[in-house]
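> based on what follows, work out the 3D shape:
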Amino acid sequence: MPRRMSNAPYDQTLRILRALGVNFTEGARTVASPIDGSELARLTDQTPGDAQAAVARSVTAFHAWRRVPAPRRGELVRLFGEELRAAKDDLALLVTLEAGKVVSEGLGEVQEMIDICDFATGLSRQLYGLTLPSERPGHHMRETWQPLGPVGVISAFNFPVAVWAWNAALALVCGDPVIWKPSEKTPLTALATQAVFERAVARFGDGAPAHLSQVLTGGAELGQALASDPRVPLVSATGSTRMGRAVAQVVAGRLGRSLLELGGNNAMIVTPTADLELAVRAIAFSAVGTAGQRCTTLRRLIVHEGVAAGLIARLVAAYPSLPVGDPREAGTLVGPLIDAEAVDGFRRALDQARAEGGEVLTGGEGLDRPGTYVTPAIVRMPAQSAVVEHETFAPILYVMTYRDLDEAIALQNAVPQGLSSCIFTGSVRESEGFLSAWGSDCGIANVNIGPSGAEIGGAFGGEKDTGGGRESGSDAWKAYMRRQTQTVNFSDALPLAQGVRFDV
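Residues are numbered from 1 along each chain as shown. The predicted structure is shown next:
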């Protein structure tokens, strides 16, 4: 009779790492599970010198990979998608164990990786340029997109694998190798993803050079090394605005490119004509999913004063019924915060909200159990004060009221973060006004759907003041390539300026 597998996070993690063929050197950095605070592994931090060596290897890989035809590069990404399908359950569970996401969210994140591989495979045959009319006789002009070079990817804990895949799948079909610096809070998922990618490389054969993808595990100094290295023409970073500002300044100082996705203090406007049943479901899902640790989490609810009392009452009644607990258990909707520091930030924000005149209507408590669990909070605010304008990565929903739609849109837009936004309304005039040039100023604007989540086909991001990066779909691939205008003279003469003659 087979031995029953232990349910301890460490045992589950060890099984997954072995199954995926992950190898690492044990060291001083402890990786803990937010599920119960237990240790999952100990890793050896890499150094800035290791990062420089990785960049050198990536440059060598680039020189070979850019010669491979783009549709052939797409074949590698297609194979990677197949390997992700085979490893989906294990990789998703590892996301749950290391990042604390509920099982369905872990599976959804790996599915996003698969989806971007499918998208990028097709994209490898659609890296289109333009043909341009020339003003000179016997000349042909065209615009072509060329591979850019090694791409540095710095990812955050809240999407420990999907964000890398958004970047890597596009970069690889564009002809660029990738160097990945994952969050020091979630390095195991990165190592597991790298092992899955190497399986695809092995199936692809000799056409793939070594070191197309590399992982650097360690602290912020590794991200700094990538940002400062002139051999890395593009650095894509996801995380806090503080981190992104530091990366942007360093990269800009060497005239490199940065692609930044930095938080989102996202709002929902609920008008008198809204379907309140639909709004309630969207609010609950987008405000508490991933324990409020998404960049697309709903943090500000701006409700017309005519429907505010009823809507708030329904939310206050619904919140206590949301199951909070072990993300591996069936039925759990809200897992743990990533660590104790996040819990402290949650409590400080609620204290500040009270000091600024807010009232905590429900939630805001810690759970008396191992791990970093809190109950999602709803806070009624008299105005959009400092704490509301600051993004706290935790399940806090600030509720305010409005009278005029222009006032509501102004409230929504009056924060520096601008990733996602939404309005719930039954009025075409209200919805179209919200989507107009004088409406939402965010990179994503939704009607009758919450701000949380994004589809692969549409480019993700485009914030106003916090990076402006665009990843994933649409024409986001152009960030990973360089534009070149090419001119061909197929005549037997060299065109000169009028009136100029050279005797040879």
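> okay, CA-based contacts and neighbour counts for the rest of this
Noted.
> please, where are all the strands along the stretch 201-350 of the chain?
Using DSSP state E, counting those that start in this stretch, the strands of the stretch 201-350 of the chain run over residues 213-215, 234-238, 257-261, 266-270, 298-304.
> before we move on, what about the stretch 51-200 of the chain?
Using DSSP E, counting those that start in this stretch, the strands found in the stretch 51-200 of the chain span residues 130-132, 139-147, 151-154, 178-181.
> flag every buried residue along the longest one.
So that's strand 139-147. H140, M141, T144, W145, Q146, P147 (16 or more other Cα atoms under 10 Å).
> winner for burial among the strands of the stretch 201-350 of the chain?
strand 266-270 (a mean of 29; mean count of other Cα atoms under 10 Å).
> and it, how far from the chain's centre?
Here strand 266-270 is found 21 Å from its chain centre; the criterion is Cα atoms, centre = their mean, to the nearest Å.
> that strand pairs with which strands, and in what direction?
According to DSSP bridges, strand 266-270 forms sheet pairs with strand 298-304 (parallel), strand 420-424 (parallel).
> and stretch 409-424, average pLDDT?
Averaging pLDDT along stretch 409-424 yields 94.
> for it, how far is the first residue from the last?
12 Å (Cα to Cα, to the nearest Å).
> could you list the buried residues of that stretch?
Under the neighbour-count criterion of 16+ other Cα under 10 Å, stretch 409-424 has 409, 411-413, 415-424 buried.
> same thing with stretch 174-192?
Within stretch 174-192, the residues that qualify as buried by neighbour count (16+ other Cα under 10 Å) are 174-192.
> same question, stretch 221-239
Buried residues in stretch 221-239, defined by neighbour count with 16+ other Cα under 10 Å: 222-229, 231-239.
> now the terminal residues of that stretch, how far apart.
End-to-end distance (Cα to Cα), stretch 221-239: 15 Å.
> again, but for stretch 118-131
One end of stretch 118-131 to the other measures 28 Å (Cα to Cα).
> how far off centre is the worst-scoring helix or strand of the chain on mean pLDDT?
Ranked by mean pLDDT, DSSP states H and E, the helix or strand of the chain with the weakest confidence is strand 459-461, at a mean of 77. Put simply, strand 459-461 sits 9 Å off its chain's centre (Cα atoms, centre = their mean).
> so which elements touch it?
If you count contacts as 3 or more Cα pairs under 8 Å, 6 or more residues apart in numbering; DSSP states H and E, strand 459-461 packs onto strand 470-472.
> still on that earlier bit, distance to R136 added to the strands paired with strand 266-270, as CSV?
Below are the strands paired with strand 266-270 laid out as CSV (distance: least, Cα to Cα, whole Å):
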stretch, distance to R136
strand 298-304, 55
strand 420-424, 47
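> which of those strands sits closest to L123?
strand 420-424 (25.4 Å; Cα to Cα).
> show me the protein divided up by domain.
Listed domain ranges for the chain are 9-262+467-485, 266-447 (source: automatic domain parsing).
> just so I know, which of the ones you listed lies nearest G457?
So among the domains of the chain, domain 9-262+467-485 is nearest, using Cα to Cα, at 4.5 Å.
> now do the closest one, average pLDDT.
Rounded mean pLDDT across domain 9-262+467-485 is 96.
> could you report the neighbour count for R369?
Using other Cα atoms under 10 Å, R369 has 10 neighbouring residues.
> distance of it from D326?
Taking Cα to Cα, one finds R369 at 10 Å from D326.
> about what we covered before: can you lay out the strands of the stretch 201-350 of the chain as TSV showing distance to I114?
As requested, these are exported to TSV (distance: least, Cα to Cα, whole Å):
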stretch	distance to I114
strand 213-215	17
strand 234-238	20
strand 257-261	21
strand 266-270	27
strand 298-304	26
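> and the ones you listed: which comes nearest C442?
strand 266-270 (8.8 Å).
> okay, now the sheet partners of the helix or strand hosting R482, with direction.
Element membership of R482, judged by DSSP states H and E, is strand 481-489. Strand 481-489 has its sheet partners listed here by DSSP bridges as strand 139-147 (antiparallel).
> what does the strand it pairs with rub up against?
Defining contact as Cα atoms under 8 Å, 6 or more residues apart in numbering, one finds that strand 139-147 is touched by 66, 127-134, 174-176, 478, 480-491.
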